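S.K.: how would this look folded up:
(2 chains)
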Protein chains: 2
Amino acid sequence: MFIDPNSDVPLYVQLRTQIMEAIVRGDLSLGDTLPSVRALAGDLSVNMHTVNKSYHELESKGIIEIVPKKGAMITVNKDKQITNNRLSALSTEFKPVVVEAMANGMNEEQLHELITTVIKNIKEA
Amino acid sequence: MFIDPNSDVPLYVQLRTQIMEAIVRGDLSLGDTLPSVRALAGDLSVNMHTVNKSYHELESKGIIEIVPKKGAMITVNKDKQITNNRLSALSTEFKPVVVEAMANGMNEEQLHELITTVIKNIKEA
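M.R.: Down below sits the predicted model:
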């Protein structure tokens, strides 16, 4: 994993996103455990609070489960059909970014092109 | 505008999104001014800090400009072609939500369907 301290994207968001990218690429999958907060913070030279915040956000999104004394375990399966509940939650998360894109003058076709590009970048990362 | 205090979406995000939705619908456009922080906080029965945070985030996204003693003015034109700089910034904002969707098992086709639905909801709101 690579964290860019000069990015505009907060460190905990970068870390959260990279863990999800590893799931999409298949490098992490259902049942795998993440490094301890202390170990990962040391590896990435970031504050333990940063790693802790990423892990808790991933837990609140249902991506991992944090088991006291055992660690953080992946609870999603990218090859299993998404549930309707999860789909509805995701639609709430997409709304602010889609509306921002449209307020900036993007039309529907450009939005679909952007999504295609973003998906391509994630798969190739 | 309608703010739902029971939503999981933070109040300042709801407000920020609603202002952008008003731009997309054409209810607010380039050069229009927003109500003062105090007035809007009173109208919506929310804390002034909430409105202030929304306005500052909209300013950092280049959607409005806050002119001291004059107020907040819309600086985007939804009918003007988006700039490449803005497009690149938006692509950074889409990545975390797209990767989350994919980690949850959504495929490319489902993502495009979700975007179509979200656009439809914004336009019809």
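
S.K.: can we go C-alpha only for contacts and neighbour counts from here?
M.R.: OK.

S.K.: all strands for chain A, in order.
M.R.: A:64-67, A:71-74 (DSSP state E).

S.K.: With mean pLDDT, mean neighbour count and distance to A:Ser54 added, can I get those in CSV?
M.R.: Converted to CSV, these look like this (pLDDT from 0 to 100; neighbours: other CA atoms under 10 Å in any protein chain shown; distance: least, CA to CA, whole Å):
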stretch, mean pLDDT, mean neighbour count, distance to A:Ser54
strand A:64-67, 95, 18, 11
strand A:71-74, 95, 20, 11
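
S.K.: I'd like these as JSON lines, with distance to chain B appended.
M.R.: Formatted as JSON lines, the strands of chain A follow (distance: least, CA to the nearest CA, whole Å):
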{"stretch": "strand A:64-67", "distance to chain B": "11"}
{"stretch": "strand A:71-74", "distance to chain B": "10"}
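
S.K.: Need those strands in a markdown table (columns: distance to A:Lys53).
M.R.: Below are those laid out as a markdown table (distance: least, CA to CA, whole Å):
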| stretch | distance to A:Lys53 |
| --- | --- |
| strand A:64-67 | 12 |
| strand A:71-74 | 13 |
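
S.K.: Ok, which of those strands comes nearest B:Glu57?
M.R.: Nearest to B:Glu57, of all the strands of chain A, is strand A:64-67, at 29.5 Å by CA to CA.

S.K.: So which residues on chain A come close to chain B?
M.R.: A:13, A:17, A:20-21, A:23-24, A:63, A:76-82, A:86, A:90-91, A:93-106, A:108, A:111-112, A:114-116, A:118-119, A:122 (CA under 8 Å from any CA of the partner chain).

S.K.: ok, of the residues you listed, which come out buried?
M.R.: Buried subset of these (neighbour count, 16 or more other CA atoms under 10 Å in any protein chain shown): A:13, A:17, A:20-21, A:23-24, A:63, A:76-79, A:82, A:90-91, A:93-106, A:108, A:111-112, A:114-115, A:118-119, A:122.

S.K.: Let's see which of the residues you listed end up in helices.
M.R.: Judged by DSSP state H, those include A:13, A:17, A:20-21, A:23-24, A:90-91, A:93-103, A:108, A:111-112, A:114-115, A:118-119, A:122 as members of helices.

S.K.: Now do the contacts for the closest residue to A:Val24 other than its chain neighbours.
M.R.: In space, and not counting its chain neighbours, A:Val24 is closest to B:Ala103: 5.1 Å by CA to CA, 6 or more residues apart in numbering or on different chains. By CA atoms under 8 Å, 6 or more residues apart in numbering or on different chains, B:Ala103 lies in contact with A:Met20, A:Glu21, A:Ile23, A:Val24, A:Ile63, A:Val76, A:Asn77, A:Lys78.

S.K.: residues in contact with the residue nearest the centre of chain A?
M.R.: Nearest to the mean C-alpha position of chain A, by CA atoms, centre = their mean, lies A:Thr17 at 3.1 Å. Contact partners of A:Thr17, counting by CA under 8 Å, 6+ apart, are B:Lys95, B:Pro96, B:Val99, B:Glu100.

S.K.: Skipping adjacent residues, who's closest to the second one in space?
M.R.: Once its chain neighbours are removed from consideration, B:Pro96 has its nearest residue in A:Thr17; the separation is 5.5 Å (CA to CA, 6+ apart).

S.K.: what do you get for the first one?
M.R.: Spatially, and ignoring its direct neighbours in sequence, B:Lys95 is nearest to A:Val118 (6.2 Å; CA to CA, 6+ apart).

S.K.: quick one: that neighbour and B:Phe94 touch, right?
M.R.: Yes. If you go by CA atoms under 8 Å, A:Val118 and B:Phe94 touch, sitting 7.3 Å apart.

S.K.: Show me whatever sits in contact with both of these two.
M.R.: What both A:Val118 and B:Phe94 touch, as defined by CA under 8 Å, 6+ apart, is an empty set.
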